[in-house]
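Participant: Sequence plus predicted model, see below.
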Amino acid sequence: MAASAGSADGAASFDAVIVGGGPRGVATVLRLAARVDSDAPPVRVAIVDAVEIGAGATWRTDQPAAYLNNTTAATTTIHPDESTPMSGPAAPGPDLVAWAASVVDAGEHATGAWVVDEAATLHGDDFPTRRLQGAYFRDQLDAAIASGRVTVDETIGLAIDVRSHDGGATVVLEDGRELSAPTVVLAQGMVQAQPTTEVAAFTAFAERHGLAYVGPGMPGEQDWTLVPSAAPGTERPVVLVRGLGATFFDVVGDLVGRWGGSFVAVPGDPHGRLRYVPSGREPRLVASSGRGLPYRAKPDGGRVAPGTPRYATPERFARWEASTGFNLRRDVWPVLARDFAFAHLDALARARPDAVAPGWLDALDAATDLPSIERVLGEWTLDERELWHVDWLRRPTRGKPVSAEGWAEIVQRHVDDELASMTESAMSPRAAVNRMMQALRGQVVRLALRGALTGKSAVHDVFGWFDGDGLFLASGPPAGRTREVLALIEAGVLDLLGPELTIERDESSGLFVATSPISGRSESAPVLVETRMSKGRVGSTSDPLLQSLLARGAARLHAFAGVEGDGLDTSPALVDEESSTGHNLVSASGDLDPSVVVLGIPASTTQPGSAIGATPGKPSPLLAGADVAAKQILLRR
């Protein structure tokens, strides 16, 4: 659409400007279409995104097909139903599976034939490609526009500032254009961090010595052609890889496609083990991280019920929430650790009664501190092959050096245990621990948000190491992709170096050097790739708009008991049509800006759950936030 004549200062004027063209921006437009009266003029919206309107950066439709969502198709929607608390009307629409069926029926898609091809093979328990999900989001936006209730002006560009004034706010773009509206919605999604001193040094080192370096960031925005392939008759090149989380699995999947290798099922293997058949073009990937082991996989089918805590019960959490001054590591973690121990031993006792000594539960009930919990795990486990300790979650060797052979044994156990956990999720001790984290992580975050913990513990514990534990255990990759990575390990294409990785720059050799002080191994290479994202820390973000707001005091970081966290401070939101504010930007002086609404990841510490995609039949903070934004847009237009 064309913008209206413009505001007094020359900026194009709209009813709303949305910065961020991904799912939160799309959801806000959908909520506007659901809320606006049928006989009212259409709502005039401008959407700005640096990458793609409808999909945004995470779900961009030009990224490799190897990049997968880590939730299943059947659990993906952008339309709210009655399960989501909001004051606006529910407006159900097609979820991802229903939309895919409609694409197949149509037989064509404007984005490309690949959309029809992928939709035709999609089942509810599949993990869709990110690009297919991006096409879904775009089609839902187009449907809202086709309703005639909203008009959308689309701008591909970088927003660098928001300036509030009487009557609203103005979004300033990098090219000098300005867009004004009574309400601006910030929905940037997964913001990245500025390069650290180390990353800048790696970049300069690579340029100085003619090396290849891929820094941290969104995988769809990186140049993975810098990863060399082997040439026939030559020695396989070594590539150092830092990061073993979600991005790692995506990148490895894409690289395998580039190499041309394939995976075949191992006949008769009860856990779906794969064997990698190389093409001969594979380099040797030497990979590591702090833990030294990749994220744990989701089970086959993707979804299982969370565990049931025996010690960190709802009643105990209620008692914690009713007080203040707790420290997560000192006061809460021992209780959580006991539940992880319970999950492991209970599953082991059911799967292999001969592997656990009678009386283990009484002993665990009596264990109230970490040393005694670890003692129960050690003394009541009769088969050393089944031994597990809680502190292995963060430090697989408990910080003790092991031989290269000893580390290889740990890696092989990781492979075997992962395979069993994916196929036997109801009986696997490993899967039981994962499910227990699934049950506990949200409640721990709530302790921080409700002020039960000290500010330091909330920031450095809950949103620090505990968040990392939660991602490692309960936010892992699809089972199919994990099987591929495990096959690469067994084929010798992927070499896990060891925990507590350090990367150094060797000026004399002109190479990067990766070292694990735990395994004692060290590898040098002319290529270093960071398969990790530098996400979410607003205080050090590379987003120029957020930088501008913070620099001049128009925004501030949310603080926990006086300790600054990593997210923007925003106002509370009520599920109430009479409330004219909610999720609004808060300035350094504590003033609420009614003209700027912030949604999602940059404000995740004040909007818990808003970083998670919407699921049919489940309350969605993402969609509830979009409804709050839409309500304010209509009130002020």
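Facilitator: Received the coordinates, thanks.
Participant: Using PDB, write out every CA atom in stretch 467-485.
Facilitator: What follows is stretch 467-485, C-alpha atoms only, in PDB (Å, rounded to 0.1, in the frame of the first residue of the first chain):
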ATOM      1  CA  ASP A 467      19.600 -21.700  31.400                       C
ATOM      2  CA  GLY A 468      22.500 -23.500  29.700                       C
ATOM      3  CA  ASP A 469      21.600 -26.700  31.500                       C
ATOM      4  CA  GLY A 470      18.000 -26.300  30.400                       C
ATOM      5  CA  LEU A 471      18.900 -25.900  26.800                       C
ATOM      6  CA  PHE A 472      21.300 -28.800  26.900                       C
ATOM      7  CA  LEU A 473      18.800 -31.200  28.400                       C
ATOM      8  CA  ALA A 474      15.400 -30.100  27.200                       C
ATOM      9  CA  SER A 475      15.800 -28.000  24.000                       C
ATOM     10  CA  GLY A 476      17.800 -30.400  21.900                       C
ATOM     11  CA  PRO A 477      17.700 -31.300  18.200                       C
ATOM     12  CA  PRO A 478      15.300 -33.700  16.400                       C
ATOM     13  CA  ALA A 479      16.100 -37.400  16.900                       C
ATOM     14  CA  GLY A 480      16.800 -37.900  13.100                       C
ATOM     15  CA  ARG A 481      19.400 -35.200  13.000                       C
ATOM     16  CA  THR A 482      21.100 -36.500  16.200                       C
ATOM     17  CA  ARG A 483      21.400 -39.900  14.600                       C
ATOM     18  CA  GLU A 484      23.200 -38.400  11.700                       C
ATOM     19  CA  VAL A 485      25.600 -36.500  14.000                       C
END
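Participant: for it, which positions count as buried?
Facilitator: Neighbour counts over stretch 467-485 (16 or more other Cβ atoms under 10 Å) mark 467, 469-485 as buried. For glycine as for every other residue, the C-beta is placed from the backbone atoms N, C-alpha and C.
Participant: Give me the neighbour count for the closest residue in space to A144 that isn't next to it in sequence.
Facilitator: Distance criterion Cβ to Cβ, 6 or more residues apart in numbering; nearest residue to A144, sequence neighbours excluded, is A33 at 4.3 Å. Number of residues near A33 (other Cβ atoms under 10 Å) recorded here: 22.
Participant: repeat for V239
Facilitator: When counting by other Cβ under 10 Å, one arrives at 25 neighbours for V239.
Participant: Quick check: what element follows the helix or strand hosting it along the chain?
Facilitator: Assessed by DSSP states H and E, V239 sits inside strand 238-242. Scanning forward in sequence from strand 238-242 by DSSP H and E, the next helix or strand is helix 246-259.
Participant: Go through that following helix and flag the buried ones.
Facilitator: By 16+ other Cβ under 10 Å, the buried positions in helix 246-259 come out as 246-256, 258-259.
Participant: any chance of the residues you listed in JSON lines, plus distance to D175 and pLDDT?
Facilitator: Formatted as JSON lines, the buried residues of helix 246-259 follow (distance: Cβ to Cβ, whole Å; pLDDT from 0 to 100):
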{"residue": "A246", "distance to D175": "33", "pLDDT": "94"}
{"residue": "T247", "distance to D175": "30", "pLDDT": "96"}
{"residue": "F248", "distance to D175": "35", "pLDDT": "98"}
{"residue": "F249", "distance to D175": "37", "pLDDT": "97"}
{"residue": "D250", "distance to D175": "32", "pLDDT": "96"}
{"residue": "V251", "distance to D175": "32", "pLDDT": "97"}
{"residue": "V252", "distance to D175": "37", "pLDDT": "97"}
{"residue": "G253", "distance to D175": "36", "pLDDT": "96"}
{"residue": "D254", "distance to D175": "32", "pLDDT": "96"}
{"residue": "L255", "distance to D175": "36", "pLDDT": "97"}
{"residue": "V256", "distance to D175": "39", "pLDDT": "96"}
{"residue": "R258", "distance to D175": "35", "pLDDT": "94"}
{"residue": "W259", "distance to D175": "40", "pLDDT": "95"}
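Participant: Tell me which two of those sit farthest apart.
Facilitator: With distances taken as Cβ to Cβ, the most widely separated pair in the buried residues of helix 246-259 is A246 and W259, at 21.0 Å.
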